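Asks: Sharing a model that was predicted from the sequence below.
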Amino acid sequence: MKKIESVIHASKLGTVRRELQRCGIHATLTLTEVQQTEEQRGLIKPTTETTGLREDRLKVELIVGDRQVPKAVEVIKQYGQVALLKVNEALQIVPPLSNR
């Protein structure tokens, strides 16, 4: 398994979800709002895709099987830079059921 991380424009989230599903990737996406400090603003290169001076960005994280990695990376890298991390084990932690 691999964990894929990317920062994309919030307006592209729906497109990324649809493209992943179209490729047969139905992983759960974890989303985190990304904010920049005043010092970081000068470091980010402007792109022609931005609709305003400061468009909201999201960090998108998903875990996929090894065979799905190339397709998922190909889709996501169209919308942002991609980081790929190896995952040895994934656990789902669920709260206990109430005794009602």
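Replies: Arrived safely, thanks for sending.
Asks: what sits against the residue nearest to D56 when sequence neighbours are not counted?
Replies: Leaving aside its sequence neighbours, D56 sits nearest to A10 (CB to CB, 6 or more residues apart in numbering; 4.1 Å). All C-beta spots, glycine's among them, are computed from the backbone N, C-alpha and C. Going by CB atoms under 8 Å, 6 or more residues apart in numbering, A10 touches 55-58.
Asks: Can I get the buried part of the residues you listed as one ChimeraX selection?
Replies: Applying 16 or more other CB atoms under 10 Å to these, the buried members can be selected in ChimeraX as follows:
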select :57,58
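Asks: Out of the contacts of A10, which is nearest to R17?
Replies: Closest to R17 out of those is L58 (11.4 Å), distances taken as CB to CB.
Asks: Make sure the closest one is indeed in a strand.
Replies: Yes - counting by DSSP: H, G, I helix; E, B strand; the rest coil, L58 is found in a strand.
Asks: how near is it to V73?
Replies: Separation of L58 from V73 (CB to CB, to the nearest Å) stands at 17 Å.
Asks: Same question for V64.
Replies: According to CB to CB, V64 stands 9 Å off from V73.
Asks: Many thanks, have a good one.
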